[in-house]
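[1] sequence below, structure please.
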Amino acid sequence: MTPKRTLIRRSDDVRIAELQAKIAELQRKVSEQQRADQPVVREAQKLAKKLREFAQFAQQHEREDVANSTVAFLAGLDRMVNSEPEPRRRGRREVEEA
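    Below is the predicted model of the structure:
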């Protein structure tokens, strides 16, 4: 015979905190979907998957140097993609014309 389970009732404060965390997560997702560079982010995710597969393939064929370089490139790419895009700088010609 299995022992009876004891249920712990969550307090209102705990439930409110969990709901606020869920709201914050949904707001973050919405803001990510509204980014102007969202197509780039989606393609970067696909590229990252292929690069991880390639790094694994290189490691299986005893090319740790290639695998390490690929992983390092992937880390840099991930950092750039997940940061906010920088505003485009105006070139020298654009400044002279203005």
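[2] how near is the residue most central in space within the chain to Ser11?
    Residue closest to the mean C-alpha point of the chain, counted by C-alpha atoms, centre = their mean, is Asn82 at 5.6 Å. Look at Asn82 and Ser11: by C-beta to C-beta, to the nearest Å, they are 36 Å apart. In this view, the C-beta of every residue, glycine as well, is placed from N, C-alpha and C.
[3] then Glu64?
    Counting by C-beta to C-beta - Glu64 and Ser11 are separated by 52 Å.
[4] likewise Ala67?
    Ala67 sits 49 Å away from Ser11, taking C-beta to C-beta as the criterion.
[5] so if I had to pick from those two, which one is more boxed in?
    Neighbour count, other C-beta atoms under 10 Å: between Ala67 and Ser11, Ala67 has more, with 19 against 9.
[6] quick one: contacts of the host helix or strand of that one?
    When elements are assigned from DSSP states H and E, Ala67 belongs to helix 64-82. Helix 64-82 has contacts (C-beta atoms under 8 Å, 6 or more residues apart in numbering) with 40-41, 44, 47-48, 51-52, 54-56, 58-59.
[7] how about stretch 51-61?
    So stretch 51-61 is in contact with 64, 66-67, 70-71, 73-74, 77, going by C-beta under 8 Å, 6+ apart.
[8] return the member of those residues nearest to Glu86.
    Closest approach between the contacts of stretch 51-61 and Glu86, by C-beta to C-beta: Leu77, at 15.7 Å.
[9] still on that earlier bit, any chance of the contacts of helix 64-82 in TSV, plus neighbour count and secondary structure?
    Formatted as TSV, these follow (neighbours: other C-beta atoms under 10 Å; DSSP: H, G, I helix; E, B strand; the rest coil):
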residue	neighbour count	secondary structure
Val40	13	helix
Val41	13	helix
Ala44	18	helix
Leu47	13	helix
Ala48	14	helix
Leu51	17	helix
Arg52	14	helix
Phe54	15	helix
Ala55	21	helix
Gln56	13	helix
Ala58	18	helix
Gln59	15	helix
